[in-house]
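In: What would the 3D arrangement of this be:
(chains A, B, C and D)
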There are 2 protein chains.
Amino acid sequence: MSIKKIREQTGFSNSTISRVLNGKAKEFRISDKTTRAIVAAAKKLKYRPNILARSLRLQKTMTIGLIVPDIRNAFFGELSWRIEELLRGHGYSTILCNTNEVPENEEFYLKVLIDRQVDGIIIAPIHTREWKDLHDIRRGTEIILIDRIFYDTDIPWVTGDNLKAAEALTSILIKKGFKRIAYLGGTSGTYINSMRFQGYQNALKAHTLPLIDDIIQFGGYSVEAGEAMMQNLLKADPDIKAVMCVNNLVFQGAMKVVQGYELTTSNPIIMGAFDIHPFCGIFKRPLACASQNLEKMAQAAVSLIVNRIQGKRMRKTHLILPIRVESHRFR
Amino acid sequence: MSIKKIREQTGFSNSTISRVLNGKAKEFRISDKTTRAIVAAAKKLKYRPNILARSLRLQKTMTIGLIVPDIRNAFFGELSWRIEELLRGHGYSTILCNTNEVPENEEFYLKVLIDRQVDGIIIAPIHTREWKDLHDIRRGTEIILIDRIFYDTDIPWVTGDNLKAAEALTSILIKKGFKRIAYLGGTSGTYINSMRFQGYQNALKAHTLPLIDDIIQFGGYSVEAGEAMMQNLLKADPDIKAVMCVNNLVFQGAMKVVQGYELTTSNPIIMGAFDIHPFCGIFKRPLACASQNLEKMAQAAVSLIVNRIQGKRMRKTHLILPIRVESHRFR
DNA sequence: ACGTTTGGCACAATCATTTGTTCCATGTTA
DNA sequence: TAACATGGAACAAATGATTGTGCCAAACGT
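Out: Numbers count the residues shown, from 1 in each chain, chains lettered A, B, ... in the order given. So this is what the prediction gives:
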């Protein structure tokens, strides 16, 4: 009971107080004297509006749900950081959800968020398509896909041009003269892995290089997966000289193995990977790197969701952002 | 209007429906027939309770605010990840807030969270003590400090034994035979920096080594700060052989410089730092590392806040967790 | 036959706002 | 003087769920 307190102090009605405190005094022609009295009382009583009651009445919570696989992954860490900051600028709070690549968690969180009546959800999904449950539980809530997207969906999304970037990244290694380029991939069937592997294949094809099954693996997106894949790879081909990693975590795992391996064999291995920009500065070794512009990606997602919530129809609701590809310390 | 829908379908009153749906049918001796009818109607209509209305009535939101400096910092990234996961297990959602080391952001977020009537706040504060505003804006909301704490406060907290860990870490370097050990510190006056620097000093004193001002710096907690401090250090003492870094970010910045420097001078520098465990696997070089147990820290914070919310008074409300100190690849 | 217990459920207040409608004075015009 | 406009603010409904109290009938006991 809080507007009530002001009512008891000033004698004015709920409606008048509410209007004054929401800056609608002029609009409802409330006298200056009244306005001043209410504002003074509010200040004296340290009045703070009850957000729950307001949200209940207004049918909006000024809250956005953010569902990512794992915030410990630096990629999603930075993405989440940017999204949270931008949303705050629009007056929204962010509820954070880590699915840990478990589809059941994703469904659980979607339900929770929608039950909480968030105004919108930004999600890097595990599901690879619009499963039917989604429409059952989503009740008018705005949803934006980020990074990982569905095809043939009306749900707006923003992602990077993974296909082209993977092709460019692979081409860098090819142009260095390598003919056997290993691919350490993520979970088979996922959007990111499909795109990047397709780009890898395209590059090989463009240079009339064969696809070699022995040096291609799809082990998942984690550091552990990267470690295991790299170990397998070295068993399959102890002489491998160039390796493409599907993401930063796989790269980290692979690097653990590679750095140890190089100490014993003096067989330098050159690596290419996505989103390993932080490592390019810290490792003094040749690296090829595809760096997504997370600032742009976050901006696009936030702008999409904020506009949709406000009911504005946007011209472009499906965005593919360019990815910068570059090499470091190549001789 | 949603219980209303069930009322229209079944003819039973709000209260009966609410009780059935909250599993209180037995307690209020509602007949099985009625119970079944209501449950069936709820299922048919895909009833979902309105969390806002419930929170308004119950005066609790099942929401916790988490305020950290920057989730991009792997330390807070993992900490946040663990806290979110544990809170979810208790039925809470987590609102994420990054202060970016700006005190005004901290005050802003505290207000926002309290206005949103979160049930509790877990915060790694920028402020170094209980400033008086805090009590004005906090209105009975439970607060737990994590990692960075205040002295002389009734607010519960959990942190690591930074003093002892810094001392042990420095001692490792001393026992390696180094007499000049640089200290690259965080923001002067902050809790973490004070503790760790004190530990560093204690170790020197215990081995009757002098404090050398030229090789001690307090530049802040970021990668950029680490880079700058390391560059300054190399100017001040091009022959430095052992460096202590106050945290993982400073370590990363320093490493950028060190790795380049070593290529040109073949002067190996040994590094010690806090919370660089992920790097210990990936760099094949000697490192001394103080690794905080984030699982324990997150568990403690969550257990503290959940219990406080439930009104339980705990035996220990101020926890100092041990920190594991170890060296990697030392000869 | 009359009072008491118990099963089974409805009523209405409450949580704190926002907002469409209404109402009552003045002041103005015909 | 009656009709009308306008300023200024109150009334009450609506947002959905929870819960203390109260009511009615049937069963039970004496």
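In: Output the set of residues of the stretch 51-200 of chain A in proximity to chain B.
Out: Proximity of the stretch 51-200 of chain A to chain B, by C-beta under 8 Å from any C-beta of the partner chain, involves residues A:51-53, A:55-56, A:61, A:63, A:66, A:70-72, A:74, A:77-78, A:80-81, A:84-85, A:88, A:93-98, A:100, A:112, A:114-117, A:136. Bear in mind the C-beta positions are built from the backbone N, C-alpha and C, glycine included.
In: how about the host helix or strand of A:Leu169: buried residues?
Out: Under the criterion of DSSP states H and E, A:Leu169 resides in helix A:162-175. If you call a residue buried by 16 or more other C-beta atoms under 10 Å in any protein chain shown, then helix A:162-175 has these buried ones: A:162-174.
In: got the CA coordinates for that helix in PDB?
Out: Output of helix A:162-175 as PDB, limited to C-alpha atoms (Å, rounded to 0.1, in the frame of the first residue of the first chain):
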ATOM      1  CA  ASN A 162      28.900 -18.500 -41.200                       C
ATOM      2  CA  LEU A 163      29.000 -20.100 -44.600                       C
ATOM      3  CA  LYS A 164      31.000 -17.500 -46.200                       C
ATOM      4  CA  ALA A 165      33.300 -17.000 -43.200                       C
ATOM      5  CA  ALA A 166      34.100 -20.700 -43.000                       C
ATOM      6  CA  GLU A 167      34.900 -20.700 -46.600                       C
ATOM      7  CA  ALA A 168      37.200 -17.800 -46.300                       C
ATOM      8  CA  LEU A 169      38.900 -19.200 -43.300                       C
ATOM      9  CA  THR A 170      39.500 -22.500 -45.000                       C
ATOM     10  CA  SER A 171      40.800 -20.800 -48.100                       C
ATOM     11  CA  ILE A 172      43.400 -19.000 -46.000                       C
ATOM     12  CA  LEU A 173      44.800 -22.300 -44.900                       C
ATOM     13  CA  ILE A 174      44.600 -23.700 -48.500                       C
ATOM     14  CA  LYS A 175      46.500 -20.700 -49.800                       C
END
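In: what's the next secondary structure element after it?
Out: Per DSSP H and E, the first helix or strand lying C-terminal to helix A:162-175 is strand A:181-185.
In: Pull the residues that contact the helix holding A:Leu169.
Out: With C-beta atoms under 8 Å, 6 or more residues apart in numbering or on different chains as the test, helix A:162-175 has contacts from A:181, A:192, A:195-200, A:202-204, A:206-207, A:209, A:242, A:244, A:270, A:272-274, A:288-290, A:322-323, A:325, A:327.
In: Please give the centre-to-centre distance between that helix and its chain.
Out: 23 Å (C-alpha atoms, centre = their mean, to the nearest Å).
In: Give me the PyMOL select line for the residues of the stretch 51-200 of chain A next to chain B, limited to the buried ones.
Out: For the buried members of those, the matching PyMOL selection, counting by 16+ other C-beta under 10 Å, is:
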select buried, chain A and resi 51+52+55+56+61+63+66+70+71+72+74+77+78+80+81+84+85+88+93+94+95+96+97+98+112+114+115+116+117
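In: looking at it, A:Trp81 is touching B:Arg72, isn't it?
Out: Yes - assessed by C-beta atoms under 8 Å, A:Trp81 is found in contact with B:Arg72 at 5.0 Å.
In: Kindly calculate the angle that the helix holding A:Leu169 makes with strand A:181-185.
Out: Per axes from the mean of the first three to the mean of the last three C-alpha atoms, to 10 degrees, the angle that helix A:162-175 makes with strand A:181-185 is 150 degrees.
In: can you tell me the average pLDDT over helix A:162-175?
Out: Per-residue pLDDT over helix A:162-175 has a mean of 96.
In: where do the strands sit along chain A?
Out: Remark: strands assigned in chain A by DSSP state E are A:63-68, A:93-98, A:120-123, A:142-146, A:157-160, A:181-185, A:216-218, A:242-245, A:270-274, A:287-291, A:318-321, A:324-328.
In: who's in contact with the second one?
Out: The contact list for strand A:93-98, computed with C-beta under 8 Å, 6+ apart, reads A:62-71, A:80, A:83-84, A:87-88, A:105, A:109, A:112-113, A:116, A:118, B:63, B:66, B:80-81, B:84-85, B:88, B:93-97, B:112, B:116.
In: Any figure for the gap between the closest residue to DNA strand C within the stretch 101-250 of chain A and A:Ile146?
Out: Closest to DNA strand C within the stretch 101-250 of chain A is A:Gln117: 14.7 Å, counting by C-beta to the nearest atom of the strand. With distances taken as C-beta to C-beta, to the nearest Å, A:Gln117 is found 21 Å from A:Ile146.
In: which intervals of chain A have sub-threshold pLDDT?
Out: Along chain A, segments meeting pLDDT under 70 span A:1, A:331.
In: if you look at the longest helix seen in it, does any of it touch chain B?
Out: Determined from DSSP state H, the single longest helix within chain A is helix A:248-265. Yes - among the residues of helix A:248-265, A:Gln252, A:Met255, A:Lys256, A:Gln259, A:Gly260, A:Leu263 lie within reach of chain B under C-beta under 8 Å from any C-beta.
In: wait, doesn't the first one sit right on A:Glu224?
Out: No - in this structure A:Gln252 lies outside contact range of A:Glu224 using C-beta under 8 Å: 9.9 Å.
In: Could you pick out the residues of the stretch 101-250 of chain A near DNA strand D for me?
Out: Contacts of the stretch 101-250 of chain A with DNA strand D, taken as C-beta under 7 Å from any atom of the strand, are absent.
In: ok, 10 Å please
Out: Taking C-beta under 10 Å from any atom of the strand as the measure of proximity, the stretch 101-250 of chain A contacts DNA strand D at A:Asp115, A:Gln117.
In: Starting from DNA strand D, give me the distance back to A:Asn72.
Out: Heads up, residue A:72 is Arg, not Asn. In this structure, A:Arg72 and DNA strand D are 35 Å apart, going by C-beta to the nearest atom of the strand, to the nearest Å.
In: Let me fix that, I meant to ask about A:Val223.
Out: According to C-beta to the nearest atom of the strand, A:Val223 stands 43 Å off from DNA strand D.
In: same question, A:Thr63
Out: For A:Thr63 relative to DNA strand D (C-beta to the nearest atom of the strand), the value is 16 Å.
In: Make sure that residue is actually in contact with A:Val118.
Out: Yes - here A:Thr63 reaches A:Val118: they are 4.7 Å apart, a contact under C-beta under 8 Å.
In: Pull the contacting residues for whatever residue of the stretch 201-331 of chain A ends up closest to DNA strand D.
Out: As assessed by C-beta to the nearest atom of the strand, DNA strand D sits closest to A:Ile309 within the stretch 201-331 of chain A, at 17.3 Å. A:Ile309 makes contact with A:Lys60, A:Asp119, A:Gly120, A:Glu142, according to C-beta under 8 Å, 6+ apart.
In: How about the last one: what's its closest non-neighbour residue?
Out: Closest residue to A:Glu142 in three dimensions, ignoring its sequence neighbours and counting by C-beta to C-beta, 6 or more residues apart in numbering or on different chains: A:Gly120, at 3.9 Å.
In: Just give the number of residues close to that neighbour.
Out: For A:Gly120, the count of nearby residues is 25 (other C-beta atoms under 10 Å in any protein chain shown).
In: same check, this time on A:Leu233
Out: For A:Leu233, the neighbour count with other C-beta under 10 Å is 23.
In: Grab the nearest non-local neighbour of it.
Out: Distances taken as C-beta to C-beta, 6+ apart place A:Ala182 nearest to A:Leu233, at 5.4 Å, with adjacent residues excluded.
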